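# my questions concern the predicted model and sequence given below.
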Amino acid sequence: MITIKDVTLHEVEALLIPVYEDEVSNINKVEVLKEQKAFLGKEGEVFCATTIEEKVRYEIFIGVGKKEDFTSEGFRRALSEGARKAKALKVKTLGVQLLVNEKLCVGGNVKAITEAMSLALYDFIKYKTTDQHQEEMTIYLTGVPEAKRDRAQIKLQETLHIVEGVIIARNLVNEPSNIIYPESLAKEVEKLGEEAGFEVEVMKEETIKELGMEAFLAVGMSSENKPRLIVMRYMGEPDSQEILGLVGKGLTYDTGGYSLKPTDSMKTMHSDMGGAGAVIGAMSAIAKNKVKRNIVAVVAACENTISGSSYKPGDIIGSMAGKSIEILNTDAEGRLTLADAVTYIIEKEKVTEVIDVATLTGAALVALGTTTTAVVTNNSAFYERLQGAAAKTGETFWELPNHKDYQKLIKSEVADLKNVGGRNAGTITAGLFIGEFVKDLPWLHLDIAGTSWVETNTGYLTKGATGVPVRTLYAMVEGPCGCGKH
C-alpha cells in the first residue's frame with residue numbers, strides 16, 4: 001500500500017532518503033562515509049544507518065547521482081535499489097522522502113516513487129509452498145507540500161492504475177502454460193474488463209473460421225487448447241472518429257511446431273504472449289484512469305504445438321486479407337497470427353492507426369539486448385510520438401530501417417509472401433511481413449523479444465516478465481501532466 005503522509009523515523013521502521021552525489025557532505029551520518037569512499041551518492045548506491053531505540057529503525061540513503069545529471073529514470077532505478085534493501089530488512093512500514101529537483105514536479109516525484117517502489121518489490125512466488133511470502137509493505141510518501149496534496153493524490157491514484165497494468169502484464173506472462181492458455185486468458189480478460197471498464201468480446205474457432213483468419217488458424221489448429229480471438233474496446237472519446245488499435249501477440253505457448261525449438265529455448269515459451277500481456281495491461285490502465293481516447297485492442301490467442309493437424313514447412317496457407325503465404329519455418333508463427341489480427345482490427349474495428357506488440361524475433365535480442373525494443377514503422381510522426389512517450393517512461397526504443405530492398409526478402413516464388421526472409425535482417429523482415437497487412441495506416445511494430453523478459457533483477461524490472469511496454473503505451477494516449485516536467 002502506498003499513501004501520502006508525512007512521517008518521521010519514530011513512526012516507521014525505515015526512512016528512504018535520496019541523496020545527490022554533490023550534497024553528501026551536507027548529511028552528517030554519511031559525510032564520514034564519503035571520506036572513506038564507502039558512500040559517494042552515485043546513482044544506485046545504498047547505505048543503511050541503524051538506530052536502536054525501543055526497536056531497531058533504519059535510515060536508508062540512496063545515491064541519485066549529480067544534481068545536474070538528474071533524470072527521472074535514474075531516480076526510479078536508484079529508488080529500486082532502496083526498495084530492495086528495505087525488503088531485505090523485512091520492514092513493514094517505510095517512509096520515502098520526495099526529492100527536490102527543478103526538473104521534477106511534485107506529481108513527477110509521486111509518479112517516479114510509486115512506479116519504482118511498486119515494480120521493484122514485485123515478485124512471482126505464488127506457487128511456493130514454503131513460507132516466503134512477506135507481509136505487504138506500507139509506504140508513505142513524505143514531504144508533499146500541503147498546497148499540492150490534492151493534485152499529488154490524483155497523481156498517486158493514476159500511477160497506481162498504471163502500475164497495476166504493468167503487474168497484470170507480468171502476472172499473465174509469468175503464469176505457466178497449463179494455467180494460462182487461450183480459453184483461460186480470455187476469461188481473465190473478461191474479468192479485467194468488468195473491473196476496469198472496457199468491453200470484451202471473445203470469438204471461438206467457428207467465428208474465427210467465418211472471418212477467414214486462415215493464418216491464425218493454421219498456427220492454432222494443432223492444439224487441444226483451441227484458439228480465441230479476444231477483442232477489447234474502450235471508447236473514452238465517443239465524439240471522435242480516431243481509434244488507436246493495439247495488437248498483441250498471444251502465443252500462450254510456443255514449441256516451434258515442426259520446426260521444433262531446443263529444450264532450453266522452450267522453457268520460457270509461456271512468455272511468448274508478452275505482447276498480449278502488454279496490451280491487456282495497457283487497456284486496464286487506460287480504462288481505470290478514464291483516458292479520453294478511443295482504443296481497441298486485439299489478441300489472437302493460441303498455442304503452437306505439434307500434432308497430426310499441425311501446419312508444416314512447405315505448406316501454402318491463406319489469410320484474412322486474401323494474401324497467400326508460403327510456410328518455410330513453423331517457428332515463425334507469431335507474424336502469421338499478427339497478420340490476421342491486424343487485418344481484423346483494421347477491417348472490422350475501423351481503427352485509424354495501429355501498434356502491434358510482439359515477442360517476435362530472437363534477432364531483436366541479439367541486436368539490441370534486453371534494454372531496447374526494436375521498432376519498424378511506416379510513419380515517422382507516429383514514431384516521434386512513441387519517442388515522446390518513452391522520454392517520460394524511461395523505456396527505450398530504436399527504429400530499424402524500412403527499405404524496399406528488405407521487402408524483397410519476404411516475397412515468395414510460389415505465393416504472395418513467405419513467412420521468413422532468411423538469416424539476414426530477421427527483425428526487419430518479420431516486421432515488414434506484418435506491414436504487408438496494415439494498408440496505408442500509420443503503424444508501429446514493437447519487437448519486445450529482448451525487453452519483455454529479464455533473467456536478473458535490473459532496476460525496477462524483476463526477474464521474469466517485465467511488463468514492457470505498458471507504461472509507454474499508456475503515455476502515448478494520456479494527456480500532459482500540466483507542469484511540463486516529468
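Everything's here; your move.
# tell me where the stretch 201-350 of the chain has helices.
Ranges of helices within the stretch 201-350 of the chain are 205-210, 214-220, 263-266, 274-288, 334-347, based on DSSP state H, counting those that start in this stretch.
# what mean pLDDT does the longest one get?
This points to helix 274-288. The average pLDDT within helix 274-288 is 99.
# and for the shortest one?
Within the predicted structure, the mean pLDDT of helix 263-266 is 93.
# so how far is it off the chain centroid?
Its chain's average C-alpha position is 23 Å from that of helix 263-266, according to C-alpha atoms, centre = their mean, to the nearest Å.
# can you list the neighbours in contact with it?
Applying C-beta atoms under 8 Å, 6 or more residues apart in numbering, the external contacts of helix 263-266 come out as 254-256. All C-beta spots, glycine's among them, are computed from the backbone N, C-alpha and C.
# strands - which of these land there?
Among the contacts of helix 263-266, the members falling in strands (DSSP state E) are residue 254.
# closest to residue 181 among the contacts of helix 263-266?
Nearest to residue 181 among the contacts of helix 263-266: residue 254, at 12.2 Å, using C-beta to C-beta.
# including pLDDT, distance to residue 305 and neighbour count, could the contacts of helix 263-266 go into TSV?
As requested, those are arranged in TSV below (pLDDT from 0 to 100; distance: C-beta to C-beta, whole Å; neighbours: other C-beta atoms under 10 Å):
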residue	pLDDT	distance to residue 305	neighbour count
254	98	9	26
255	98	5	24
256	98	9	19
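# would a markdown table of the contacts of helix 263-266 with distance to residue 352 be doable?
Shown next, in a markdown table, are those (distance: C-beta to C-beta, whole Å):
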| residue | distance to residue 352 |
| --- | --- |
| 254 | 31 |
| 255 | 37 |
| 256 | 35 |
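# between the contacts of helix 263-266, which is nearest residue 89?
residue 254 (40.2 Å).
# in the sheet, which residues pair with that closest one? Tell me.
Bridge pairing for residue 254 (DSSP bridges) gives the partners residue 304.
# that one touches residue 267, doesn't it?
No - the criterion here is C-beta atoms under 8 Å, and residue 254 misses it with residue 267 at 11.6 Å.
# circling back: just the helices of the stretch 201-350 of the chain: most buried one?
For these, the largest average neighbour count (mean count of other C-beta atoms under 10 Å) is found in helix 274-288, namely a mean of 30.
# need the helix or strand of this protein with the lowest average pLDDT.
None of the helices or strands of the chain scores lower by mean pLDDT, DSSP states H and E than helix 28-35, at a mean of 62.
# tell me the spacing between residue 25 and residue 41.
9 Å (C-beta to C-beta, to the nearest Å).
# compare the two (neighbour count), which wins?
The neighbour comparison of residue 25 against residue 41 (other C-beta atoms under 10 Å) goes to residue 41, with 26 against 11.
# OK, contacts around the more buried one?
Applying C-beta under 8 Å, 6+ apart, the residues contacting residue 41 are 19-24, 30, 34, 63-65.
# I'd like the distance between it and residue 258.
Residue 41 is 56 Å from residue 258, where distance means C-beta to C-beta.
# before we move on, back to that, next SSE downstream of the least confident helix or strand of the chain?
Following helix 28-35 in sequence order, the next helix or strand is strand 46-52 (DSSP states H and E).
# with just CA atoms, put that next one into CSV.
Written as CSV, here are the backbone C-alpha positions of strand 46-52 (Å, rounded to 0.1, in the frame of the first residue of the first chain):
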residue,chain,number,x,y,z
VAL,A,46,22.8,2.4,-0.9
PHE,A,47,23.9,2.9,2.7
CYS,A,48,21.9,1.9,5.7
ALA,A,49,22.3,3.6,9.1
THR,A,50,20.8,1.8,12.0
THR,A,51,19.2,3.4,15.1
ILE,A,52,18.5,1.3,18.2
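# please consider this matter closed, and thank you.
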